[in-house]
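Undergrad: A structural model of the following input is requested.
(2 chains)
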Amino acid sequence: MKDVHSVKIAVNGRLHEIDVESRRTLADVLRHDLGYTGTHLGCEHGICGACTVLVDGLAVRSCLAFGVQADGREIETVEGLESGGQLNSLQEAFSAHHALQCGFCTPGFLMLATALLREKLDPTEEEVREVMSSNLCRCTGYQGIIEAVLDAAGKNRGTEAVDGAVSRETAEDRVEGVSLLREAGDHTQ
Amino acid sequence: MSAVGRRMGRLEDRRLLRGLGHFVDDVNRVGQLWMRVFRSPHAHARITSVQTDEALALPGVEAVLTGEDIAWARPIPVRTRTKHQLDNFLQPVLARDRVRYVGEPIAVVLAEDPYLAEDAVELIRVEYEELPVVLDARSAIEADDSRSLDGFESEAATLSMGYGDVEEAFRSAAHVVEIEVKIGRHSGVPLETRGLVADYDAGSDHLTIWGATKVPHFNRRVLSQMLGMPLNRISMKKSDAGGGFGVRGEFYPEDFLVPYLARETGRPVKWIEDRAENLVAANHSREQVHRISAAFDEEHRLLGLHDEVWQDNGAYIRTHGVIVPDLTLAMLPGPYRVPAYEGVAHVALTNKTPCGTYRGPGRYESTFAREHLLDVAAARLGIDRLELRRINLLETSELPHTRPLSTLGTDVVLDAGDYEGLLDKALDRSGFDGWEKEARELRAEGRLVGTGVGYFLEKSGTGPYEEAIVEVDPTGSVRVITGGASLGQGIETVLAQIAADQLSVPPEEIEVVHTETDLLPDGVGSWASRSTVVGGSAVMLAAKATAEKALRVATTMLEAATEDLRLESARVRVDGSPDKSVSLGEIAAACEPHSGLAEGEESGLGARRTFSVDHMTYPYGVHLAQVEVDPETGGVEIRRYFVAYEVGRAVNPTLVEGQLVGGAAQGLGGALLEEFRYDDSGQPLAATFIDYMEPTAAEVPRVETLICEDAPSPDNPLGLKGAGEGGTVGCGAAVVSAVEDALGMPGSIKALPVSPSKIRALLRESDRAGSTAAEAASFSS
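TA: Predicted structure coming up:
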């Protein structure tokens, strides 16, 4: 007998209400139940970080979280980075610096870097290296990734938030549906 | 401006950066079943019973398949065949009587969802009678005991090759230097695990498969034979692949099971490997011991080389046959003048995961053995290590240089090159003198800093041929279809660049299609750094033929002579008449039947061409390293790293650099971190990413590169040499060279990876030797 729960999850500002088996990972819920296949699974034991998504603004390995834990939360995935078909500055920087080859780890790095750049507008190379060493890339040797994140951060210098990568305030706006749910007391934190 | 040579951004990036790639796990078919494999927990055991009733009884489980159910199935054949008879050592799809490594497939379950499939696998009951394990290649061959019980011999094959009078070379030598080194077991371990989806249409008896890569056309032929189905009833569909590195895309047991079960059940079947499986099931590589010796004359010129190799191939011979030891021996003499050479390789079967190729197969290993030997020889002979190399590098006037050796079915003919010129450039550009000076100064302060060098010869552009189609449709859209596969290397961009120059169309507007056997039923694939060289040449020929046809048809359309026409910005124009032109799309429309404008031409604007090549092309390069050893932890930090590489002609220099830098990260992983170790019972000790340590951004240094285009290959129209593997090949050699320099202990490192514990042991040893010497000194005084 499956242990199924009804959950409400907002992904990139869109609200989803689904029934989820308790043991199902957040990664599988996103990929196979909701169709956000940009989030990839590289190890399913929390090392490679290919499955990194943002949960309420924090970088989380979606292979180590259960779908039911995302109930009432706001998820951001790689699909939410672009706006109106335009890549954001971080995505553009990844391409400009040849920061991807096979592209399998890329969504995880993009989300990790998004979280970093929201927290720290202008990180040093050392800080970027340290945070980016949370994830594995087998193709690039990381050079392009580090350069891309620094480049995106550089473009950001003197401004309030990363261009295109949503600030916390805007994130709240975008997931208005969830915020309303919260007010209605449906958010179990 | 020519598109070839341009640092344009990759066409692949736009979809991959938006999460819009199509990896195999992104494919879901209505009504699909999920396959899960039950794998052996023992390294060597006899199977006494397999019980599947409990698993089958679980609601949601559709089927369970064991080796007995497919006793008729042939074992998996060798792709890269040599003269060696290997039929006795091939891997069965599912083990029946005996398992020979931890991770060997014994049974599979099909269930409604992947979680259920895992539950069901846990309900399969197998009884075993454990057998003694063989874990060391050399002692396995010397003892040749337990494996022979059922017809398996420990030594699956013995390869030997060479030329000249080696005995005489060593007899007459002024100096002979011999070392023994080991290369650790490691592998490509791409970030995406393997996977496959198959959909069978019973109505038309047709199989459609997603997830094949690297050699989709070859795998289709294998499947056709194993399933007894006509080739044209099997379609391989393209998908993105999360890295290949030689490992992914070969035909494994699951590549039979998934399509077979789709046909048997009439339902789509999906299998996605998990990482724990991947680390014991996908090909391992590299594990070799070399006993290598060199004979020198008074002037430090090489008279001869001799190498005896023991290769630990794991439990079976897989699709690569014995190509790794074959390449090891054939490439061992490298870029040097070696008058006499003998190489022997013993391929041993052991109770570990079977081995195949990994980026730079045979070259990573033999480059390390040979370059390390030269370092040790330089120290013993009291000559500068770079000078020793200069004395022995083949000179430009000696090329092309034919070695009486052959590998991958072709003779070794070193094509164009300026080996010493590249060394000079690399030393100059990297500022290597400064690295050495800095290292000396830091050593004088008591720090363990050293520099190292690894010169290598690469091979690329393996034939025998590749196919390509170029098509222009009546809207003017251009499509290139290749027999290669996209594994992240950027082939879509590079092939578009090559086609763009012939068609005068921006590469950004060209679609490159791969791994679509319905569109292009033949191809040789993406391996051996061949896609750009051989695949690119085929694209060039097809695009050229397409452009020529466009000009022919345009003569009628524009009522102009051929010599007055030129193709420019996707239009054929008439010289001197700026208003007279037709677009490629209009020409394509004119090429439709009954248009009356293309009499005597086949319909459609496009061409299919094959590019064939007899010999491989041989790039070369050098790796330079500066490292610091931490005397407390034994850890090695790479302070500086430089790779210079002769590529003939770089279609996209940014992508070549990407290959070199990314390749170096992998090579450094194998030199310092990555190893598949086993305990005494044959249990793998690196079955997670915690224990199998792929390097992270914290370990991989900044890698500087120098691309040289000084020696274009004479074997293809663009002068291309492959770029996929040179970044990896020299790492073991350069790192060990630098670490020994830092320690001041030439010849002390006997094995890769150079782990902190090995270095600490060396430092303890040298401390003991130092204090013993000091004691002796104080004693005598």
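Undergrad: List the backbone torsions phi and psi for the residue nearest the centre of chain A.
TA: Residue closest to the average C-alpha location in chain A (Cα atoms, centre = their mean): residue A:53, at 2.9 Å. Note on residue A:53: its backbone torsions stand at phi -130, psi 170 [degrees, to the nearest 10].
Undergrad: Any figure for the gap between it and residue B:385?
TA: For residue A:53, the distance to residue B:385 equals 50 Å [Cβ to Cβ, to the nearest Å]. In short, each C-beta sits where N, CA and C put it, glycine included.
Undergrad: ok, the residue nearest to the centre of chain A - contacts?
TA: Applying Cβ atoms under 8 Å, 6 or more residues apart in numbering or on different chains to residue A:53 gives the contacts A:26, A:30, A:39, A:59, A:60, A:62, A:75, A:76, A:77, A:111.
Undergrad: Can you check the pLDDT for residue 188?
TA: No chain specified, so I'll use chain A. Reported pLDDT at residue A:188 in the predicted model: 36.
Undergrad: that answer is for a different chain, and I need it for chain B
TA: pLDDT, residue B:188: 98.
Undergrad: care to break the chain down by domain?
TA: Since you didn't name a chain, this refers to chain A. Following automatic domain parsing, one gets these domains for chain A: A:4-80+A:167-183, A:89-156.
Undergrad: ah, I was thinking of chain B
TA: Using automatic domain parsing, chain B is parsed into the domains B:13-131+B:193-241+B:248-281, B:288-461+B:615-765, B:465-612.
Undergrad: Could you work out the end-to-end span of the last one for me?
TA: Spelled out, that is domain B:465-612. One end of domain B:465-612 sits 4 Å from the other (Cα to Cα, to the nearest Å).
Undergrad: likewise stretch B:735-751?
TA: Start to finish, the residues bounding stretch B:735-751 are 12 Å apart (Cα to Cα).
Undergrad: What residues of it count as buried?
TA: For stretch B:735-751, a neighbour-count test (16 or more other Cβ atoms under 10 Å in any protein chain shown) marks B:735-743, B:745-749 as buried.
Undergrad: Give the burial count for residue A:100, as a bare number.
TA: Per other Cβ atoms under 10 Å in any protein chain shown, the neighbour tally for residue A:100 reads 29.
Undergrad: Next one, pLDDT for the closest residue to chain A within the stretch 251-400 of chain B please.
TA: Ranked by Cβ to the nearest Cβ, the top residue of the stretch 251-400 of chain B for proximity to chain A is residue B:275, at 4.2 Å. At residue B:275, the model reports a pLDDT of 98.
Undergrad: Do I have it right that it meets residue B:193?
TA: Yes - the criterion here is Cβ atoms under 8 Å, and residue B:275 meets it with residue B:193 at 6.0 Å.
Undergrad: between these two, who's got more neighbours?
TA: residue B:193 (25 against 21).
Undergrad: The more buried one sits in which helix or strand?
TA: Per DSSP states H and E: residue B:193 is located in neither a helix nor a strand.
Undergrad: residues contacting it?
TA: Taking Cβ under 8 Å, 6+ apart as the test, what residue B:193 contacts is A:42, B:272, B:273, B:274, B:275, B:277, B:278, B:282.
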